[in-house]
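Peer 1: dropping a prediction and its sequence here:
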Amino acid sequence: MRSTCYFSYSWDDADEIFMQQLKNQIEKLSRYEVDVLYDRNKLKIGDELSTFEDEMDNADLIVLFLTPSFKSKVLKKDVKYGAYREYK
């Protein structure tokens, strides 16, 4: 059975190319036994972010990318930000 790794980060600071390369590297090095999930590569227009965030509960591993923007959103405690909901 494949393991699941969830990436949590703030879109404001994310380098999309880096995120995709890191995802690809983890999957390749695990011989595709690890499936990396993150919202920009999984969500489609019209999808509910909260549904995707529920996948965190089932993930085997969560990687939290702590950046200034992520910290700012967490400190605001505003549930409209996915970063805050994921942190909480």
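Peer 2: That came in fine, so what should we check first?
Peer 1: tell me where the chain has strands.
Peer 2: For the chain, strands defined by DSSP state E occupy the ranges 3-8, 34-37, 61-64.
Peer 1: for the ones you listed, give me TSV that also has mean neighbour count and mean pLDDT.
Peer 2: (Each C-beta comes from the backbone N, C-alpha and C, glycine too.) Formatted as TSV, these follow (neighbours: other Cβ atoms under 10 Å; pLDDT from 0 to 100):
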stretch	mean neighbour count	mean pLDDT
strand 3-8	19	88
strand 34-37	19	91
strand 61-64	13	87
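Peer 1: I'd like to know which helix or strand in the chain has the lowest mean pLDDT.
Peer 2: When the helices and strands of the chain are compared on mean pLDDT, DSSP states H and E, helix 39-42 comes out lowest with a mean of 64.
Peer 1: tabulate the strands of the chain in TSV, adding columns for distance to E86.
Peer 2: Output for the strands of the chain, formatted as TSV (distance: least, Cβ to Cβ, whole Å):
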stretch	distance to E86
strand 3-8	4
strand 34-37	12
strand 61-64	8
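Peer 1: would you mind measuring from V74 to E86?
Peer 2: V74 sits 9 Å away from E86, going by Cβ to Cβ, to the nearest Å.
Peer 1: neighbour count for the two, which is higher?
Peer 2: E86 (22 against 18; other Cβ atoms under 10 Å).
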